[in-house]
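Chemist: here is my input; please provide its structure:
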Amino acid sequence: MNTKLVESLLQVILSISDEERSLLEEKLFFDSSEPSTRDLMLLAQTGETFNFLENEPDIYSLDDGEPI
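Modeler: Numbering: from 1, shown residues only. Next up is the predicted model:
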């Protein structure tokens, strides 16, 4: 075990601002193994999976009598 490294890291962590510490905690403890919502939205927009929807007819309108 590298005790000196752990001690050095602890000193650095204790010396940073609260804002920087919060960012560090987010990076360390957030489960980043799953894609974010933003990543999924970007994939849906730029991928070709949903291109078939561009040719779908508009079946709903303001005049169809159903409340929106």
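
Chemist: what about Leu24, how many residues close to it?
Modeler: 13 (other C-beta atoms under 10 Å). (Each C-beta comes from the backbone N, C-alpha and C, glycine too.)

Chemist: I'd like the next helix or strand past the host helix or strand of it.
Modeler: Per DSSP states H and E, Leu24 falls inside helix 18-29. Counting by DSSP H and E, the next helix or strand C-terminal to helix 18-29 is helix 37-46.

Chemist: what ranges of the protein fall below the confidence cut-off?
Modeler: 31-32, 66-68 (pLDDT under 70).

Chemist: go again using 90 as the cut-off
Modeler: Counting by pLDDT under 90, the chain shows low-confidence ranges at 1, 22-39, 44-68.

Chemist: related to what we said a few turns ago, the helix holding Leu24: which residues count as buried?
Modeler: When neighbours are counted by 16 or more other C-beta atoms under 10 Å, no buried residue of helix 18-29 is found.
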